[in-house]
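[1] Fold the stuff below for me.
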Amino acid sequence: MTPRRTAGRAVALLLAAVAVLPGGVASAAPVPPAPGPPAELVPGVAPGPAQPWSLDTPDQALPPVVYTPSAGEDAVEPRRAVAGTYALVEYVPLGEAVAQVSCTAKTGPYQRQVERWLGLRVDGRQSAADCRAVRAFQVRQGIKPAIGFAGPVTWSRMRYLSARRNPNAAGKCPLRTHPVVCVDLDRQLMWVQKGRAVVYGTVPIRSGRAGYRTRAGWHRIYWRHKNHWSTLYNTPMPYAQFFNGGQAFHGVYGSLHTGAGSMGCVNLTVADARRLWGVLKKGDWVFVWGRRPGT
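    Reported below is the predicted structural model:
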């Protein structure tokens, strides 16, 4: 037998041996962690009946069966959310929540953004002065726990306050003579404008999570169902206004400030969804742009 044939047989035997190992060589390769918020960040206030923090409201991912609701069905108003459902509860390090610290020394994930918004020295590191300033803002806005941690809820509130008077300052939502629903995934905000006039909003939203992103571009409201119920997830979707397949604007009976997003829908508070219901009609235009942080 020639050396070349001997070498070839040795390689074949080696490959055969590898094939019978449990899982093969590939199983030894490390599996990259799934993207998501830092695991150590948890809601800083214990959950209660109004805020089931461990639950992300699932949305109907598939297009619904469209029909014309009866007058009797439309006469029924969806139930209101219980008091405290939309309280601003910050996500903080687990140790800080357990210890119930009054002012944290921890640097938050949005430290630089919060420092810049408050006019502090922007160095991305928490200081005693930073903590006092952030904590004062949290107290004014009703964010709990007010421990000065620059977390996602604090930064979300700052983005909302900056945008509410002139949400389209950057001109990213096209101006039209007809109403346009503007959905800014970058800032997790939405409003309705007609020309330069804002006729609804600005309001905070929760859009699609990684793998279920809310689809960008132009859409139109094609079906409105006040008392919609997701048969896929057995979940209420009050004041649902569908604009692309199974993606719709609708209210949720839970916090908008959760680490994961929706399954593609644009979630609002029930009160905001009710007001939006009175502003829009079938055929209205929707423009979506940007990308939810973390997706």
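
[2] Not counting its own residues, what contacts the lengthiest strand in the chain?
    Ordering each strand of the chain by length in residues (DSSP state E) puts strand 235-244 first. When contacts are taken as Cβ atoms under 8 Å, 6 or more residues apart in numbering, the neighbours of strand 235-244 outside the stretch itself are 57-60, 63-64, 78-79, 181, 215, 219-230, 248-251, 253, 265, 270, 273-274, 276-277, 280, 286. No exception for glycine: its C-beta is placed from N, CA and C like everyone else's.

[3] For that strand, which strands pair with it and how are they oriented?
    The sheet places strand 235-244 alongside strand 223-230 (antiparallel), strand 247-252 (antiparallel), with pairing taken from DSSP bridges.

[4] worst average pLDDT in the ones you listed?
    Comparing mean pLDDT over these, the weakest stretch is strand 223-230, at a mean of 94.

[5] how about it: buried residues?
    By neighbour count on 16 or more other Cβ atoms under 10 Å, the buried set for strand 223-230 is Trp223, Arg224, His225, Lys226, Asn227, His228, Ser230.

[6] Just give me how far it sits from the chain centre.
    21 Å (Cα atoms, centre = their mean, to the nearest Å).

[7] before we move on, what about stretch 239-252?
    Once both centres are worked out by Cα atoms, centre = their mean, stretch 239-252 turns out to sit 15 Å from its chain's centre.

[8] Can you list the buried residues in it?
    By neighbour count, with 16+ other Cβ under 10 Å as the criterion, the buried positions of stretch 239-252 are 239-244, 246-252.

[9] cool, and stretch 134-153?
    For stretch 134-153, by 16+ other Cβ under 10 Å, it's 134-135, 137-138, 141, 143-153.

[10] between the strands paired with strand 235-244, which gets nearest to Pro43?
    Distances from Pro43 to each of the strands paired with strand 235-244 were compared using Cβ to Cβ; the shortest belongs to strand 247-252, at 16.3 Å.

[11] tell me the mean pLDDT for the following helix or strand past that closest one?
    Toward the C-terminus, strand 247-252 is succeeded by strand 266-269 as the next helix or strand (DSSP states H and E). Averaged over strand 266-269, pLDDT sits at 97.

[12] Not counting strand 266-269 itself, show me its contacts.
    Defining contact as Cβ under 8 Å, 6+ apart, one finds that strand 266-269 is touched by 57, 59, 81, 85-86, 183, 190, 203-207, 214, 247-252, 256, 276.

[13] switch the cut-off to 7 Å
    Under the contact criterion Cβ atoms under 7 Å, 6 or more residues apart in numbering, strand 266-269 has outside partners 57, 81, 86, 183, 190, 203, 205-207, 214, 249-252, 256, 276.

[14] Quick one: the strands in this structure, in order.
    41-43, 91-93, 179-184, 189-194, 197-204, 217-220, 223-230, 235-244, 247-252, 266-269, 285-289.

[15] packing partners for the second one?
    Right, strand 91-93. With contacts defined as 3 or more Cβ pairs under 7 Å, 6 or more residues apart in numbering; DSSP states H and E, the packing partners of strand 91-93 are strand 41-43.

[16] So which residues of the stretch 1-150 of the chain form helices?
    3-19, 71-74, 94-99, 111-118, 128-141 (DSSP state H, counting those that start in this stretch).

[17] related to what we said a few turns ago, out of the buried residues of stretch 134-153, which is nearest to Ala260?
    Pro152 (11.8 Å).

[18] sorry, back to before: figure out which of the strands paired with strand 235-244 is closest to Gln126.
    Closest approach to Gln126 among those is made by strand 247-252 (32.4 Å; Cβ to Cβ).

[19] between that closest one and strand 189-194, how big is the angle?
    With axes from the mean of the first three to the mean of the last three Cα atoms, to 10 degrees applied, the angle from strand 247-252 to strand 189-194 works out at 120 degrees.

[20] and strand 247-252, C-alpha only, in PDB?
    Included here for strand 247-252 are C-alpha records, laid out as PDB according to Å, rounded to 0.1, in the frame of the first residue of the first chain:
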ATOM      1  CA  GLN A 247     -49.400  44.000  13.300                       C
ATOM      2  CA  ALA A 248     -51.700  46.500  14.900                       C
ATOM      3  CA  PHE A 249     -51.900  49.400  17.200                       C
ATOM      4  CA  HIS A 250     -53.600  48.300  20.400                       C
ATOM      5  CA  GLY A 251     -53.800  48.800  24.200                       C
ATOM      6  CA  VAL A 252     -52.100  46.400  26.700                       C
END
